[in-house]
Structures are given as C-alpha cells and as structure tokens.
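please work out how this folds:
(chains A and B)
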Protein chains: 2
Amino acid sequence: MKIENLNDLFVHTLQDIYYAEKKIVKALPKMVKKTDSPELAKAFESHLTETEGQIQRLDQVFEMCGEKPKATKSPAIDGILEEAEELMSEIKDPDTRDAAMIAAAQAVEHYEITRYGTLVSWANLLGMKDAANVLGQTLKEEYSADQKLSKLGEGRLNKEAAA
Amino acid sequence: MKIENLNDLFVHTLQDIYYAEKKIVKALPKMVKKTDSPELAKAFESHLTETEGQIQRLDQVFEMCGEKPKATKSPAIDGILEEAEELMSEIKDPDTRDAAMIAAAQAVEHYEITRYGTLVSWANLLGMKDAANVLGQTLKEEYSADQKLSKLGEGRLNKEAAA
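Numbers count the residues shown, from 1 in each chain, chains lettered A, B, ... in the order given. Below is the predicted model of the structure:
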C-alpha cells in the first residue's frame, strides 16, 4: 500500500496496531502460564479479554474508513515481544521473572498508548470524530492497564524479587 | 549475563536502555535531514543534545552500581527504529512524512518512558535513591519531549498533511 497522504498513513497505522493486537492476544496466555502469582495471572487474563474488545473496535474503525480489516507486519511490536520472550525464558527465579514480565507488559502498553494516541489525533485532524471516539476508548483502557501494572510492580511482586 | 535477582535485572535493563540511547543518537540526525520543517528539525536537534546528556546520566548510574557502562542488544528499540526508517523512506509527500516521523519519534519516547519508569521503580525498591533521582530526571525529560511532539503533531504539520 502506497502512503500518499494522512488518510493513507492513518489506515496504515490502523493495520499496524491491528497486527500488534493480534500478536498480543497470542502472547498473553503464555505470560499467564509463566507466572506463579495469581494476582499477575488475573491481570494478564483480564487484559486478554480487554484486548479482544479492542480488536472489535478496530474492526469498527476499518468499517468507518470503508476498508476491510487487515494487519501489516510491525517490526516494532515484534521486537518488543521478542525481547519479552527472551527474558521470560532466561530468568529462572519466579519473582524476578514476574518483575520482568510486568516491565515487558508495560512496554507493550506504552506501544499501544503511543499508536492509539497518534490515531486519535489523526482521526480528529481528518474530521473522523466517531473513529476518534472509538479509538479514544481503547486509549483510556491502555493508560489504565499501564497504571494497574505499575501498582502491581511497586507492590508485593517486586519487593519479593528484591529480598 | 545471568539474571538471578532484581539487581541483575536492573543492570540488564540499564544496558538495554544504554543500547537504545546510542541507537537514538544515530537515528536523530537522519530524521533532521528528512524533514523540510525547520520547527521539526529544531525539535529533533534539541532532543539529540538532551539524549547525549541522558547517556552521561546512564554512565553515572552504572558507576553507582559498580558496573562498567555496557550496551545489550535490544530487539525492541531495533524494531521501533526499523519501522520508523521504513516509513521515512517509503513516504514521498513531505507533510505526510513529517506526520509519520512525529509518530515514530513518539513511539521512541514511549519506549524510553516505559523503561525509565521501570528503572526508577526498581531503583527505589533496591534502596538506590541516588540512582532513582538521576533516572527520574531523564524520565521527566522524556515525558516533556513526548508532549512537545504531540503539540507539533496537532499543530501545523499534520493539518497540512490532511489538506
């Protein structure tokens, strides 16, 4: 797909985050399996449900643009998840691994925050208020997921890893 | 390097962001060359100076840990920069390319925000208050750089690309 204007770039970025969300849906169950913490497992599981809803919202936005939902390979999310998987398999101590998984999940959240933030801004510039609203709902969820992970990280889990 | 506890993970993550900062120092001048906007060029140039200061802060933190500064390959930042370079070379329209570069620079900022946020939190858990302060200064700069880019993106540049 040739990117000639902001509308093309908007659709391209939708395809990028669509790819990312689909990869995250596959990564989260692996993270649930890797943690011994019921609290962290629950956080990953609830984010999985949330992510499935976010994919449905992207389907809606593709429709609003008159485009079929499509994923475009994103080297960025591939790299973020590759780094996460490397650490998850290397670290044997469960509490240290949990600390690394929280950090990895926050890196994923921040990737989503930046992409959805950009998409909301561009949807507004393109006069697509409905799309901006739908994407803004997901952006809000991503900020909240990141904050939950910060609290988990600063709480019990990391304290155990530092002990 | 084997990661057996939170201290090891902290040092590993310092090496990760050290690698990232060194790559960013190389990427920013390319971005300055690719933009026709003096405003955006100035933003990238001033972030380059800021990044050089952030590398010096990392040198200080390595010293506080009794470690020599070292970079560890980060597939995450490599992927984020690869995606940015792909878009920069593919897009021919200058205003659309500027919009893409602002988005790419914000993806880089958010990677730094998440890693420095994690490092500050771990430094506090490990009782390294001085390291937390030094890293916290960089974290503040990254948030502010991201906000400046948002304003640039919502201002003149993207409006031209949407026209």
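
find the closest residue to chain B in chain A.
When distances are taken as CB to the nearest CB, chain A reaches nearest to chain B at residue A:79, 2.3 Å away. C-beta coordinates here come from the backbone N, C-alpha and C atoms, glycine included.

and whichever strand or helix holds that residue, what other elements does it pack with?
Element membership for residue A:79, per DSSP states H and E: helix A:75-90. Where contact means 3 or more CB pairs under 8 Å, 6 or more residues apart in numbering or on different chains; DSSP states H and E, helix A:75-90 is packed against helix A:6-34, helix A:94-125, helix B:75-90.

in that helix, which residues are buried?
A:75, A:76, A:77, A:78, A:79, A:80, A:81, A:83, A:84, A:85, A:87, A:88 (16 or more other CB atoms under 10 Å in any protein chain shown).

who wins for proximity to residue A:64 among the helices and strands packed on helix A:75-90?
With CB to CB, the closest approach to residue A:64 among the helices and strands packed on helix A:75-90 belongs to helix A:94-125: 9.0 Å.

how about the next helix or strand along the chain from the closest one: buried residues?
On the C-terminal side of helix A:94-125, the closest following helix or strand by DSSP H and E is helix A:129-152. The neighbour-count check on helix A:129-152 (16+ other CB under 10 Å) flags A:131-132, A:134-136, A:138-139, A:141-143, A:145-146, A:148-150, A:152 as buried.

what bits of chain A have low per-residue confidence?
Applying pLDDT under 70 to chain A flags residues A:156-163.

so what's residue A:105 up against?
Contact analysis of residue A:105 by CB atoms under 8 Å, 6 or more residues apart in numbering or on different chains lists A:31, A:44, A:47, A:84, A:149.

hmm, which two among the residues you listed are most spread apart?
Distance extremes for the contacts of residue A:105: the farthest pair is A:47 and A:84 at 13.8 Å, using CB to CB.

picking that back up, give me the angle between the helix holding residue A:79 and helix A:6-34.
Interaxial angle, helix A:75-90 versus helix A:6-34 (axes from the mean of the first three to the mean of the last three CA atoms, to 10 degrees): 10 degrees.

show residues contacting helix A:75-90.
Residues contacting helix A:75-90 (CB under 8 Å, 6+ apart): A:16, A:19-20, A:23-24, A:27, A:30-31, A:34, A:97, A:100-101, A:104-105, A:107-108, A:111, B:2-3, B:12, B:16, B:74-80, B:82-83, B:86, B:107, B:111.

try it again with 6 Å
A:20, A:23, A:27, A:34, A:100, A:104, A:107-108, A:111, B:75-76, B:78-80, B:82-83 (CB atoms under 6 Å, 6 or more residues apart in numbering or on different chains).

now it and helix A:94-125, what's the angle there?
Counting by the same axes, to 10 degrees, helix A:75-90 lies at 170 degrees to helix A:94-125.

chain center to helix A:75-90: distance?
Distance, stretch centre to chain centre, for helix A:75-90: 13 Å (CA atoms, centre = their mean, to the nearest Å).

how about the residues of chain A near chain B?
A:3-6, A:9, A:75-76, A:78-80, A:82-83, A:91, A:93, A:96, A:99-100, A:103, A:106-107, A:110, A:114, A:118, A:121, A:125-126, A:153-154, A:158, A:161-162 (CB under 6 Å from any CB of the partner chain).

go again with 7 Å.
By CB under 7 Å from any CB of the partner chain, the residues of chain A that approach chain B are A:3-6, A:9, A:74-76, A:78-80, A:82-83, A:90-91, A:93, A:96, A:99-100, A:103, A:106-107, A:110-111, A:113-114, A:118, A:121-122, A:125-126, A:153-154, A:158-159, A:161-162.

report the buried members of these.
By neighbour count, with 16+ other CB under 10 Å, the residues of chain A next to chain B hold A:3, A:5-6, A:9, A:74-76, A:78-80, A:83, A:91, A:93, A:96, A:99-100, A:103, A:106-107, A:110-111, A:113-114, A:118, A:121-122, A:125-126, A:153, A:158, A:161-162 as buried.

may I see the buried residues of helix A:75-90 organised as JSON lines, with distance to residue B:39 added?
Shown next, in JSON lines, are those (distance: CB to CB, whole Å):
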{"residue": "A:75", "distance to residue B:39": "28"}
{"residue": "A:76", "distance to residue B:39": "25"}
{"residue": "A:77", "distance to residue B:39": "30"}
{"residue": "A:78", "distance to residue B:39": "32"}
{"residue": "A:79", "distance to residue B:39": "30"}
{"residue": "A:80", "distance to residue B:39": "30"}
{"residue": "A:81", "distance to residue B:39": "35"}
{"residue": "A:83", "distance to residue B:39": "33"}
{"residue": "A:84", "distance to residue B:39": "36"}
{"residue": "A:85", "distance to residue B:39": "40"}
{"residue": "A:87", "distance to residue B:39": "39"}
{"residue": "A:88", "distance to residue B:39": "42"}
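
between those residues, which is nearest residue A:63?
Taking these together and measuring to residue A:63 by CB to CB, the closest member is residue A:77, at 23.1 Å.

dihedrals phi and psi, residue A:128?
Here is the backbone geometry of residue A:128 (degrees, to the nearest 10): phi -100, psi 80.
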